[in-house]
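1. What follows is a predicted protein model with its sequence.
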Amino acid sequence: MSRRGVLRLFGAGAAAGGASLAVPSFASAAPATAAAPSAIPVPGDPQYWRKIEQLFVINRDVLFMNLGTVGSPPADVLSVLADTNTRVAQNTESAYSSFDDVRAVAAAGFGCDVDELGLTHNTSDGMAKTLVGLGLKVGDEILTTNHEHSGGNSPMAQLRDRTGVVITRVQVPVGNRQRAEDYVELFRKAITSKTKVLMFSAPTYKTGTMLPIQLLAKLAQEHGLTTLVDGAHIPGMMNYTFRELGVDFLAGSTAKWHCGPGGTGVLYARNKVLPQFNPNPLPEFWPSITSSYPDAGLPDRSTTSTASYDLGRYLTSLGNGSIALTSGVKKVLEMWDQIGRQRIEDHSVGLASYLKELVAERWGVGSLYSPKDDPRLLCALTSFNPFRNPADVMNSAKSAEFVSRMKSQYSITIRNVDFPVIGAAKPHVPVRISTHLFHREEHVERVVDAMWELSAQMA
Ligand SMILES: Cc1ncc(COP(=O)(O)O)c(C=O)c1O
């Protein structure tokens, strides 16, 4: 297949995203000085992705390929933020609110009901709120991986030290020689009678491997385990219908791939029993960090397909919230729905597949830490070893220099990541590249050419 054919494989994708529910609230009130919204390009336009790029204010003198760390809000989102901040200041508005209108748009876009969706400050907030809310006791075990982020590791370590919860980690594989089923076997073998929670990142931020969420959720269901997914990179990148994943909790960011305002995220929490996705009873869960827990307590958790209360509300309301931030989130959610979540996924993951093909051609497929061939493990993050001498990937100073020279010599922002590799004496520190909706094939070719040249200079 031709190199560009790899990208075309992913097609234009169907427009996706449910209809948004318009419930008036603080966040949806029109700002007095609202500018006319930018026109979203029409699919089929030969300039389609160039016009998408024009929706963003991102500095085009630099090729930014680190969406996995932070996104860049579109101009219209910045206008909403500025206008709302001004309006709130002028009218001294407060918001002791659960932002139901914003949650309704988010729930429709992410494929769940509003009672299952909380607004958070970021992924780490959602992870901590979930872990602290599960009634885990001394000796209970969380089964996780050795490639987790501090957003999950930190609250788990605190549960270990404070409550006596046991943290067990499977060693995950790297590279192209892996299949989705490998993860099921890996976790299956590690489950014990003490295991209560399966927690994993999908994708991992280290190798950009999309762990097979549905298969792992099924495994967890068979063993009566609660599932928590660190899905930091899912919102805005992947067009998943959250409730179909069959998991109990999924924490994500709306400020990375979703390009919403900084300090925003979502937490999906299963709140009713839908047997087609997950027939198990709901786990014990306390919305611990909230300011609206009722004096009379909450009703029992539902055992049917009808929620017994709006859990998302308790996960969201915490004192006076930010009307501006939530308005910005609502705006960017609507923009993604308009562009089409499937179209964005196809484009971003398609560019990553193109990048992997180019990397395999130049450096060899063995240089990839991300999988390339199993479509169930793909996402828009790509990690690989850029060094001509492969052993240099264990030299963290050299890896840092590579990232820094990509910026200073080529005006390209990428990052590196460090992680243990099975059988390796030292951690590997490869580079990681994010491809997204404001990138095109020519950007992928540019970053590959630059890295190839730089790797020769640093050989
Ligand atoms: C897998 C993963 N989890 C959690 C986080 C933390 O994200 P946030 O800043 O949204 O809390 C990151 C950040 O890059 C991440 O990659």
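-> Everything's here; your move.

2. Show me the shaky parts of this protein.
-> Along the chain, segments meeting pLDDT under 70 span 1-35.

3. quick one, domains of it?
-> As assigned by automatic domain parsing, the chain contains the domains 1-16+39-73+340-459, 100-325.

4. Name the nearest residue to I344, ignoring sequence neighbours.
-> Leaving aside its chain neighbours, I344 sits nearest to L437 (5.1 Å; criterion: CB to CB, 6 or more residues apart in numbering). In this view, the C-beta of every residue, glycine as well, is placed from N, C-alpha and C.

5. er, D373 actually
-> N176 (5.8 Å).

6. That neighbour against S367, yeah?
-> No: judged on CB atoms under 8 Å, N176 makes no contact with S367 at a distance of 9.9 Å.

7. and the stretch 301-450 of the chain, which of its residues are near the ligand?
-> Residues of the stretch 301-450 of the chain found near the ligand (CB under 6 Å from any ligand atom): none.

8. Do a quick rundown of the helices in the stretch 301-450 of the chain.
-> Secondary structure of the stretch 301-450 of the chain (DSSP state H, counting those that start in this stretch): helices at 311-316, 323-339, 341-363, 396-410, 441-457.

9. would you list the ones you listed in TSV and tack on mean neighbour count and distance to R162?
-> Listed next are the helices of the stretch 301-450 of the chain as TSV, based on neighbours: other CB atoms under 10 Å; distance: least, CB to CB, whole Å:
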stretch	mean neighbour count	distance to R162
helix 311-316	26	22
helix 323-339	24	31
helix 341-363	22	39
helix 396-410	15	32
helix 441-457	17	44
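
10. how about these, which one is nearest L186?
-> Set against L186 and scored by CB to CB, these come closest in helix 341-363, at 22.8 Å.

11. between that closest one and helix 441-457, how many degrees?
-> Following axes from the mean of the first three to the mean of the last three CA atoms, to 10 degrees, one obtains 30 degrees for the angle between helix 341-363 and helix 441-457.

12. Kindly provide the distance from M451 to F277.
-> Going from M451 to F277 by CB to CB, to the nearest Å gives 42 Å.

13. I'd guessed S305 sits against V273; true?
-> Yes: in terms of CB under 8 Å, S305 counts as a neighbour of V273; the distance is 6.2 Å.

14. between these two, which one's more packed in?
-> Neighbours were counted for S305 and for V273 using other CB atoms under 10 Å; V273 has more, 18 against 10.

15. contacting residues around the more buried one?
-> With contact taken as CB atoms under 8 Å, 6 or more residues apart in numbering, V273 is in contact with P279, N280, P281, L282, S302, T303, T304, S305.

16. are any of these buried, and which?
-> N280, L282, S302 (16 or more other CB atoms under 10 Å).

17. Can you tell me which of the domains of the chain is nearest to T84?
-> Among the domains of the chain, domain 100-325 sits nearest to T84 (CB to CB), with 4.1 Å.

18. and the end-to-end length of that closest one?
-> With CA to CA, to the nearest Å applied, domain 100-325 spans 14 Å between its terminal residues.
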